[in-house]
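**Student:** A structural model of the following input is requested.
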Amino acid sequence: MVRVALVGCAHIHTPRFADTLRDRPDVEVPLVWDADPARARRYAEDLGAAVASDPAAAWSDGGVAAAVICAETVRHRDLVLAGAAAGKHLFVEKPLGTTGADATTMARAVADAGVRFQTGYFLRSNPAHRFVRDQLRAGAFGDLLRLRYTNAHSGLTRGIFADEYRWMTDPAQAGFGAFGDLGAHALDLLLWLRDEAPVAAVAATLREMPGRLGGTDVAGEGTVRFTDGVTATVAASWVDAANPLTLEVAGTDGHAHVAGGDLYFSSTHVDGADGTRPWADLPPALPHAFDLFLDVVGGDTAADLVDVRAAARRTTVMETLYAAAHAGRWVEVREGA
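**Tutor:** Presented below is the predicted three-dimensional model:
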């Protein structure tokens with residue numbers, strides 16, 4: 001039985017994580033903290049946990065092995081630095097930080113502490129995405145030309161950010177708007193598919209809705225130019241009624257796209273890969289990123305987690321995409337950890 005503290009309950013994914021924590025027989029949640037005491041009490045009652053008046057209660061409890069941080073993004077830095085210093089394994093909801101500098105500071109602290117880290121990049125567990133990555137590594141696409149991922153929903157128009165989750169539409173607390181929120185998953189997937197290939201520069205455009213959200217972006221499109229000339233396009237939105245076509249990968253010898261959840265794949269290097277019908281020979285789905293974290297802190301040494309330096313890198317690239325949008329030009333990405 002592994003004891004996991006819930007430190008911050010503000011993020012919109014917290015209810016799902018709480019369900020997972022409650023339903024896993026190998027996990028116990030001894031305490032819950034949140035900046036909003038009423039919210040902490042609600043989750044503590046659901047999980048059969050005590051309410052902590054200060055996050056330090058989690059860090060000082062020697063029986064707590066790990067913490068799940070779902071606080072407002074602006075609170076991540078202090079919580080992560082304290083948790084790492086206390087030797088706790090950390091699941092930190094994405095994005096890691098509101099700025100690349102803060103994310104890099106957190107990554108260094110986590111790496112120096114030697115604790116396990118995970119964040120919520122669940123797209124990596126998808127069988128189609130895992131297959132495409134394997135084929136990229138095998139050279140099935142020939143010379144890679146471009147990639148694209150779109151992550152969009154109609155959450156804003158459906159009102160999911162009202163009341164308790166309104167903070168996620170405030171860049172002062174969340175770091176970014178819609179493009180940084182949903183685009184974080186898209187950007188992670190594309191950098192992961194490319195095995196962390198270095199990025200040269202980025203460009204982007206953001207869409208705001210006059211009179212809505214105080215000027216926060218509700219959609220955006222960005223282009224990432226890698227140093228080898230490959231380009232990746234990232235799109236994200238809180239106002240799309242549907243998102244039928246998500247992933248596209250194009251090369252000189254192959255092409256893949258995911259439409260309606262089905263993968264279509266063609267390659268001159270793979271028998272039967274003519275792209276005319278959904279490709280069925282896929283690897284199994286992996287557990288959700290959150291479950292993988294709980295598996296690892298429970299003793300599973302085989303599960304693959306997100307490297308904390310990669311998580312920080314995504315915040316740096318996303319911050320630069322926003323800078324490029326505001327500047328109206330290509331901006332060089334300055335990475336460092």
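**Student:** packing partners of the helix or strand A250 falls within?
**Tutor:** Remark: A250 resides in strand 245-251, with elements defined by DSSP states H and E. Under the contact criterion of 3 or more Cβ pairs under 8 Å, 6 or more residues apart in numbering; DSSP states H and E, strand 245-251 touches helix 127-138, strand 144-152, strand 254-259. In short, each C-beta sits where N, CA and C put it, glycine included.
**Student:** out of those, flag the one nearest V32.
**Tutor:** strand 144-152 (29.6 Å; Cβ to Cβ).
**Student:** on that earlier part again, can you put the helices and strands packed on strand 245-251 in JSON lines and add mean pLDDT, distance to F176 and mean neighbour count?
**Tutor:** Formatted as JSON lines, those follow (pLDDT from 0 to 100; distance: least, Cβ to Cβ, whole Å; neighbours: other Cβ atoms under 10 Å):
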{"stretch": "helix 127-138", "mean pLDDT": "98", "distance to F176": "23", "mean neighbour count": "18"}
{"stretch": "strand 144-152", "mean pLDDT": "98", "distance to F176": "13", "mean neighbour count": "21"}
{"stretch": "strand 254-259", "mean pLDDT": "98", "distance to F176": "25", "mean neighbour count": "20"}
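**Student:** out of these, which gets nearest to E72?
**Tutor:** The nearest among the helices and strands packed on strand 245-251, by Cβ to Cβ, is strand 144-152 at 21.2 Å.
**Student:** contact partners of the next helix or strand after the closest one?
**Tutor:** Next helix or strand after strand 144-152 toward the C-terminus (DSSP H and E): helix 155-158. Among residues not part of helix 155-158, those counted as contacts by Cβ atoms under 8 Å, 6 or more residues apart in numbering are F161, T169, A178, R212, L213, V218, W238, V239.
**Student:** can you go through the residues you listed and name the buried ones?
**Tutor:** Listed as buried from the contacts of helix 155-158 are F161, T169, A178, L213, V218, W238, V239; burial here means 16 or more other Cβ atoms under 10 Å.
**Student:** ok so, going back, mind checking which of the contacts of helix 155-158 land in strands?
**Tutor:** Taking DSSP state E, the ones among those that sit in strands are V218.
**Student:** which of the helices or strands spans H76?
**Tutor:** Counting by DSSP H and E, H76 is found in helix 76-85.
**Student:** next SSE downstream of that helix?
**Tutor:** strand 89-92.
**Student:** distance between that next one and the chain's centre?
**Tutor:** A distance of 13 Å separates the centroid of the chain from that of strand 89-92, by Cα atoms, centre = their mean, to the nearest Å.
**Student:** repeat for stretch 285-299
**Tutor:** Relative to its chain's centre, stretch 285-299 lies at 15 Å (Cα atoms, centre = their mean).
**Student:** thinking again about what came up before, among the helices and strands packed on strand 245-251, which comes closest to T104?
**Tutor:** Comparing the helices and strands packed on strand 245-251 by Cβ to Cβ, strand 144-152 comes nearest, at 24.0 Å.
**Student:** helices of the stretch 201-337 of the chain, residue ranges please.
**Tutor:** 289-297, 308-327 (DSSP state H, counting those that start in this stretch).
**Student:** export these to CSV and append columns for mean pLDDT, distance to T119 and mean neighbour count.
**Tutor:** Output for the helices of the stretch 201-337 of the chain, formatted as CSV (pLDDT from 0 to 100; distance: least, Cβ to Cβ, whole Å; neighbours: other Cβ under 10 Å):
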stretch, mean pLDDT, distance to T119, mean neighbour count
helix 289-297, 97, 7, 22
helix 308-327, 98, 5, 22
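**Student:** rebuild those as CSV, extending it with distance to L81.
**Tutor:** Shown next, in CSV, are the helices of the stretch 201-337 of the chain (distance: least, Cβ to Cβ, whole Å):
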stretch, distance to L81
helix 289-297, 19
helix 308-327, 12
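**Student:** to R225, which of those lies closest?
**Tutor:** helix 308-327 (10.7 Å).
**Student:** now the closest one - C-alpha only, PDB.
**Tutor:** What follows is helix 308-327 as a C-alpha-only set of coordinates in PDB (Å, rounded to 0.1, in the frame of the first residue of the first chain):
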ATOM      1  CA  VAL A 308      10.900  16.100 -15.900                       C
ATOM      2  CA  ARG A 309      13.400  17.900 -18.200                       C
ATOM      3  CA  ALA A 310      11.100  17.100 -21.100                       C
ATOM      4  CA  ALA A 311       8.100  18.600 -19.200                       C
ATOM      5  CA  ALA A 312      10.100  21.800 -18.600                       C
ATOM      6  CA  ARG A 313      11.100  21.900 -22.200                       C
ATOM      7  CA  ARG A 314       7.500  21.900 -23.300                       C
ATOM      8  CA  THR A 315       6.800  24.900 -21.100                       C
ATOM      9  CA  THR A 316       9.800  26.700 -22.600                       C
ATOM     10  CA  VAL A 317       8.700  26.000 -26.200                       C
ATOM     11  CA  MET A 318       5.100  27.000 -25.400                       C
ATOM     12  CA  GLU A 319       6.200  30.200 -23.800                       C
ATOM     13  CA  THR A 320       8.200  31.000 -26.900                       C
ATOM     14  CA  LEU A 321       5.200  30.200 -29.100                       C
ATOM     15  CA  TYR A 322       3.200  32.800 -27.200                       C
ATOM     16  CA  ALA A 323       6.100  35.300 -27.500                       C
ATOM     17  CA  ALA A 324       6.100  34.600 -31.300                       C
ATOM     18  CA  ALA A 325       2.400  35.200 -31.500                       C
ATOM     19  CA  HIS A 326       2.600  38.500 -29.700                       C
ATOM     20  CA  ALA A 327       5.600  39.600 -31.700                       C
END
